[in-house]
Structures are given as C-alpha cells and as structure tokens.
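1. predicted structure and sequence below. I'll ask about it afterward.
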Amino acid sequence: MNTQHIRRKKSQKAYALLMVLVMASVSILLYSGAARWTSGSAIVNDRNNTYNASVAAAEGASEQVLAYMTRDFFNQSYDPNRLGQYTVLVPTNDWAAHYEFSDGLGAVNRTYVSSTTSLQVTNIDSEFPGLYGMVYACRVQSNAKPLGTPYLMAAGVAQDIQLASIPVFQFAIFYGMDLEINPGPVMKITGKVHSNANIYTAPVAGLEYMDTVTAVEHVYNNRHPDDPTITAKVAPVYDAPPKSPIEGVSTLTLPIGTNNNPAEVAKIIQVPPSSESPLSPLGKARYYNQCDLVITTTSTNVTVAAGNWYSFAAVVPDASPGYSFVKTNASFYDAREGKNTFVTDVDIAALGKWMTNAGAGLNTLALARNGHRLNSIYVDDRRANASKLTVVRVSNGQTLPPNGLTVATQLPIYVQGNFNAPITIPGSTNTTTSKPSSLVGDAITVLSVNWSDYTNARKTMSQRPALDTTVNAAFLAGIVQTTNSNGVKHYSGGVENFPRFLEDWSGKTLTYNGSMVVLFASQSATQFWIGPGTYYNAPNRQWAFDQNFLNFTKLPPLTPMVRKLVRGQWNVVAAVP
C-alpha cells in the first residue's frame, strides 16, 4: 500500500497562529474589562455603604438630641430659650469615633436645634385624628462625615417634631386604664374615646361612636373577663373613619415623671408631702399646688387660704363664724358605701358673692398675677373616722363665677342640683351660657335637685325619688375596677355608671354635657358597684361631649395635659462637607 502524505501550506500555519493570538488578545481584553468592572462595582458598593452608614450616624446624632429634649419636655423642664444645652450633644461612643459631626452651619461637634419660643395651639399631625394641643414646633439636624475613608461621603438628617401638650378634656371619654362601656339603653358618644389600656364594649341595645376610638392595647366587642354580667349584646357602630377602632396607638401620659401607672397618677389629686418641691414634675401637676384657693377642714376649725401662687396666705373670714361659702355641719347617708358622711359643703352662689365683696381684693390680685380671676378651689377635709366617709359637696352651683370654676379634692366629691346650667332645659345639649368647669375627686356622685340630707338618711330607694337635673362640667375621678375578688366577680359599672347615683331616677333625666376622665382607682369610695334596684335606679341619660372643650380658650381651669412627642417630616438633607 502506498501512503500519501498531505503537506500543509505555510500560509495555513500562519493563519492558525494568528487566530490563536487574536483569541488570546480578546480573552485578555475581556478579563481586563471584567476586572475593571469588578473593581468599579466594588468601589460603588463601598461608596454606597459609606454613605448609608453616614446617614445612620447622622440619624443617631439627631435621635440623641431628641431623647434629651423629650425627657425635659415630659419633666416640664424644657426651655426653648436654652437650646444650647442640646446643640452640644453629639455621640461619643465607639462607632461615633469614626465620624465628625457638625450642625450644617460650619460648627463642628454640634447639632442644629430650633424651636418656637412659645407654645402654639394647633392641630396635631399624629396617630390620633383631630386632636389639638399646645405645641413647640422643633427641628433637629445633624451632619455626619466619615473619617479615615477615601470618600467624602458626608450625610445630613433633619427631623421635624412637635412637643405637644394635649388637653384630656377634649376627649368625651379618656381612661388611663381598662375602659368598659356596656349600656343597656341605646347610647351615643359624641366625642373622642381613648384608653391607655383595653376597651371592652358590649352594648345591650346599641352604642354609636360618633368620633374616633383609640386604644393602646385592644378593643374587644365583649365584656371584661371578670365581669359577671350576662346579657345580650349587639355590635357597636363606629362612624368616624376608618369606621373601626384604632388599636396599638402610643400611650398618652401625664408629665409627672417616669412612672405613669394609675397609682402614681392618683397623686395629682392628693395633698403633697412637706418634703416634695412644688417645682418637681409631680409637684407641678398636683391640683393642691395649682388651685387659687385651698379650704382646709379639721375637727375644730375651717381655714381658707390663697394657693401656692400667693404662698398660701390666709384669707380673712367674712362670716361669723368662718366663711360664708363653706359649711361643715351637714351629714348624709351614702347607700353605696354604707356609711354616713362628714361633709365639707361649698356653696357656689355664696362663693360668687364673696368674690365681689370680701374677696374682691384677692380676686383682683389673682387677675394681675395669674391672668385670670379666682377660678379653682382645692378642698382638704382632714376629719377622719372609720365608721364615716369624709367627702366634699358642691351645691347652689346653677350659675358659676365669670371665669368658670374647678373644684378638686382627694376625697369623694358630690354635686347636688343643677350645676353650671343657668338656663335649664331638660334634654338640652345647649351649653352656650355655661362656664368652663370641672369636678375632680376620688369618685363623683350626682345628687338631683330633689335630694334632701334629712329625708334621704337611710330611707329606702323608693323614698328617694330624683327629679330632672342638669350638670355641665368635666369629671375627673377614680373608679372601683372590674375584678375577681376571692372568686367573686364584680363589674365596675362601666362608663354608663361612672357618675354614681343614690336616688330613684326612674323616668327622670340627667342632662350631662362634659368630658369623663378616669385615671386611677378610687382610694376612699371603694365599695363595688351593684346594679340598679338596690341603692339607685338609673336615669335617662341625656349625655353629650361638651363641644366648647374643642376651643382651647373654653377648657375648664387646670385642665390636665397629657404629653406626646409627635414626629413629622424626616429627611436626608445635603450635608456641608
């Protein structure tokens, strides 16, 4: 066999070599491009990470300042004219060592802080729709520049906030604890409702919430687990958007310090200990320190003094004996508590006359010093007896003093007859002629215009008939909470029985316009609520939220303010290198 050898031409060999070189060059170029792309992408990622870290650092610096501002605001020590104490606050912990902080105005180790210099009444942009408050509008801005990096990636964060004081009496119902409302007859709630805990709402015939309902925890369309009442129920109706209750909102707290549990809040109605400064957060919140007049009753004497605003100076008696508007010789039987009472009676009509006669000079002085005439009284009855209940009662209060009136005490308080109702129309919700007013105490009981201490003493309920009565005032008091006591369940009575009754109101109407606020458990009037038919029968409840309280100038004297940090705009801003 002959074998033939094929000879390749030299040109073919050269072509193959050329193709190898071309492919090698392309590979080198692709690798080089990929390497450059990888390197560039790493740089971009590194720059982005550096910038995002700078944003986080700037935010951390601004949050540190906000924490101190909020603390001082809640402790009632915030001063918008002393912002320098906040501007020097910059982070100094481990991560902060990698940044230089500035205020955006060229000052290093500073944070920019601005604030309105006075409180402004304005609507609050918050999770609570429609609220207004007294607000400091503030801005905090911080710049953070990274150190030790090849990138100039400074970032700035600006936060706009409101430091808001919110009047509690702009709520129709405000509870600092579990709120229960389970009315038998159909009821309408014409204002906002809020609980700092849970809401239990299981009406028998119908319940309509005409404004927003908010709760820090949950809203249950059932009765409280410890409520022994077994009744039919219907679903409540929610009128305001979002047509349902709003759960999980933040707590609205009083500015009394870091502890806002109900037991601590109850101290705002108590007489302060001598060791406590009236300038402390709790001291500032106490009614005793805020009221214009202080009435003190002992077993041997009654004194009236100006309040802390005038160093508790004694007021000269205007009657023989004592004071025309204070009486201490009455007593009546409280069938719910099962006790007779020691009573300090405050006669509102006589008080009005005293203000224009013997008290005229003090009234004028109060106007000059406080910007208003005398409009608040604290009553401290120090008589004590285990078999008797020491209480305060206001009466003859159909017409109040011109600047309104708040009466406060740490004791149970009773209001007898028409109060703050110069024009009494049964069933009317017209309060245009009423004055700003509130009644504050351990518990609140309404006695009708037909009440008589003598004829009602230990009489059966049928012998205590009530008559139509009108009360226009905010109520702030405690309750006896729903509980399981030694295996026996007890219902608080709910909002529908927050005002207590001791008469047979069958077929009669209590017209009430105001705001109902419960912040603590009762300490003196502690007997459990018992349903109608035992010591009272319920009235027809012609109740409404007083729309006057939506006007800041028409709030009752010494209206408590809960405080809240309201966050507004949060922006990343251009940073000064």
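-> Nice, thanks for sending it over.
2. once you drop chain neighbours, what's closest to Met461?
-> Spatial nearest neighbour of Met461, excluding adjacent residues (CB to CB, 6 or more residues apart in numbering): Asp504 at 5.1 Å. For glycine as for every other residue, the C-beta is placed from the backbone atoms N, C-alpha and C.
3. does the one you found touch Lys459 like I think?
-> No - counting by CB atoms under 8 Å, Asp504 does not reach Lys459; the two are 10.3 Å apart.
4. who's more crowded, those two?
-> Asp504 (23 against 13; other CB atoms under 10 Å).
5. residues contacting that one?
-> Met461, Ser462, Arg464, Pro465, Ala466, Tyr536, Asn537 (CB atoms under 8 Å, 6 or more residues apart in numbering).
6. closest to Gly371 among the residues you listed?
-> Comparing those against Gly371 with CB to CB places Ala466 closest, at 39.6 Å.
7. and the pLDDT at Ser395?
-> Note on Ser395: pLDDT of 97.
8. now it: phi and psi?
-> phi -150, psi 170 (degrees, to the nearest 10).
9. which residue is the nearest non-sequential neighbour of it?
-> Gln416 (4.3 Å).
10. tell me the buried residues within the contacts of Asp504.
-> Met461, Arg464, Pro465, Ala466, Tyr536, Asn537 (16 or more other CB atoms under 10 Å).
11. could I get these as a markdown table with distance to Thr409, secondary structure and pLDDT?
-> Shown next, in a markdown table, are the buried ones among the contacts of Asp504 (distance: CB to CB, whole Å; DSSP: H, G, I helix; E, B strand; the rest coil; pLDDT from 0 to 100):
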| residue | distance to Thr409 | secondary structure | pLDDT |
| --- | --- | --- | --- |
| Met461 | 27 | helix | 85 |
| Arg464 | 24 | coil | 91 |
| Pro465 | 28 | strand | 94 |
| Ala466 | 24 | coil | 96 |
| Tyr536 | 22 | coil | 96 |
| Asn537 | 27 | strand | 97 |
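12. I'd like those written out as JSON lines, with distance to Phe312 added.
-> Formatted as JSON lines, those follow (distance: CB to CB, whole Å):
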{"residue": "Met461", "distance to Phe312": "43"}
{"residue": "Arg464", "distance to Phe312": "40"}
{"residue": "Pro465", "distance to Phe312": "43"}
{"residue": "Ala466", "distance to Phe312": "39"}
{"residue": "Tyr536", "distance to Phe312": "39"}
{"residue": "Asn537", "distance to Phe312": "44"}
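13. show me the two of those that sit farthest apart.
-> Greatest spatial distance in the buried ones among the contacts of Asp504: Pro465 and Tyr536, 11.3 Å, computed using CB to CB.
14. find residues that contact each of the two.
-> Contacts common to Pro465 and Tyr536, judged by CB under 8 Å, 6+ apart, are Glu503, Asp504.
15. ramachandran angles for the residue nearest to Met461?
-> phi -90, psi 100.
16. alpha carbons only: can I get stretch 67-83 in CSV?
-> Output in CSV follows, covering the C-alpha atoms of stretch 67-83 (Å, rounded to 0.1, in the frame of the first residue of the first chain):
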residue,chain,number,x,y,z
ALA,A,67,-34.2,61.9,73.5
TYR,A,68,-33.0,64.7,75.8
MET,A,69,-35.5,67.2,74.5
THR,A,70,-38.3,64.8,75.1
ARG,A,71,-37.1,63.9,78.5
ASP,A,72,-37.1,67.5,79.6
PHE,A,73,-40.4,68.2,78.0
PHE,A,74,-42.1,65.3,79.9
ASN,A,75,-40.4,66.5,83.1
GLN,A,76,-41.7,70.0,82.5
SER,A,77,-38.2,71.5,82.3
TYR,A,78,-38.0,72.1,78.6
ASP,A,79,-37.0,75.7,77.9
PRO,A,80,-37.0,76.8,74.2
ASN,A,81,-34.7,79.7,75.1
ARG,A,82,-32.0,77.4,76.3
LEU,A,83,-31.4,75.3,73.2
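17. please begin residue numbering at 23 from this point
-> Got it, the first residue is 23 from now on, which makes the last one we talked about stretch 89-105.
18. what does that stretch rub up against?
-> Contacts of stretch 89-105 (CB under 8 Å, 6+ apart): 107-108, 111, 135-140, 158, 160, 162, 185, 275, 277, 279, 303, 306, 585, 587.
19. pull out the buried positions in that stretch.
-> Met91, Thr92, Asp94, Phe95, Phe96, Asn97, Gln98, Tyr100, Pro102, Leu105.
20. tell me the mean pLDDT over it?
-> 93.
21. quick one, strands of the stretch 23-172 of the chain?
-> 121-124, 134-137, 142-145, 154-168 (DSSP state E, counting those that start in this stretch).
22. Glu202 versus Gln569, what's the distance?
-> According to CB to CB, to the nearest Å, Gln569 stands 25 Å off from Glu202.
23. which one of those two has more residues nearby?
-> Glu202 (27 against 14).
24. verify the contact between that one and Thr505 for me.
-> No - the criterion here is CB under 8 Å, and Glu202 misses it with Thr505 at 11.8 Å.
25. domains of this structure?
-> What the record gives for the chain is the domain set 69-189+586-595, 281-564, from automatic domain parsing.
26. so for Pro579, which of these sits nearest?
-> domain 281-564 (4.3 Å).
27. how far out from the middle of the chain is the closest one?
-> Relative to its chain's centre, domain 281-564 lies at 22 Å (CA atoms, centre = their mean, to the nearest Å).
28. with stretch 112-130 instead?
-> For stretch 112-130, the distance to the chain centre is 36 Å (CA atoms, centre = their mean).
29. kindly report the same for stretch 164-184.
-> With CA atoms, centre = their mean, you get 36 Å for stretch 164-184.
30. ok, stretch 588-595 next?
-> On CA atoms, centre = their mean, the centre of stretch 588-595 falls 24 Å from that of its chain.
31. with just CA atoms, put it into CSV.
-> The C-alpha trace of stretch 588-595 is given here as CSV (Å, rounded to 0.1, in the frame of the first residue of the first chain):
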residue,chain,number,x,y,z
VAL,A,588,-45.2,63.9,67.6
ARG,A,589,-42.9,63.1,64.7
GLY,A,590,-43.3,64.9,61.5
GLN,A,591,-41.0,65.1,58.4
TRP,A,592,-37.8,63.0,58.4
ASN,A,593,-35.5,64.0,55.5
VAL,A,594,-32.0,63.3,54.3
VAL,A,595,-30.6,66.7,53.5
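32. may I see the buried residues of it?
-> So, applying 16+ other CB under 10 Å, buried residues of stretch 588-595: Val588.
33. give me the residues contacting it.
-> Outside of stretch 588-595, the residues within contact range by CB under 8 Å, 6+ apart are 77, 126, 146-148, 157, 163, 177-186.
34. give me the buried entries from those residues.
-> Once neighbours are counted (16+ other CB under 10 Å), the buried part of these comes down to 77, 126, 146-148, 157, 163, 177-186.
35. for Leu276, give me its contacts.
-> Leu276 neighbours (CB under 8 Å, 6+ apart): Asn282, Val287, Ile290, Ala307, Leu541, Pro582, Met583, Val584, Arg585.
36. got it, and Arg132?
-> Thr109, Val110, Val112, Phe123, Ser124, Asp125.
37. can you tell me which of the residues you listed are buried?
-> Buried, going by 16+ other CB under 10 Å: Thr109, Val112, Phe123, Ser124, Asp125, out of those.
38. from Ala166, how far out is the first one?
-> Thr109 sits 15 Å away from Ala166, going by CB to CB.
39. over to the fourth one?
-> Summarising the geometry, the distance separating Ser124 from Ala166, computed by CB to CB, is 8 Å.
40. can you get me a residue count around Lys576?
-> Using other CB under 10 Å: Lys576 sits among 16 other residues.
41. give me the phi and psi angles of it.
-> Backbone torsions of Lys576, given as degrees, to the nearest 10, read phi -110, psi 10.
42. was I right to think it contacts Pro458?
-> Yes - contact criterion CB under 8 Å: Lys576 and Pro458 qualify, at 5.4 Å.
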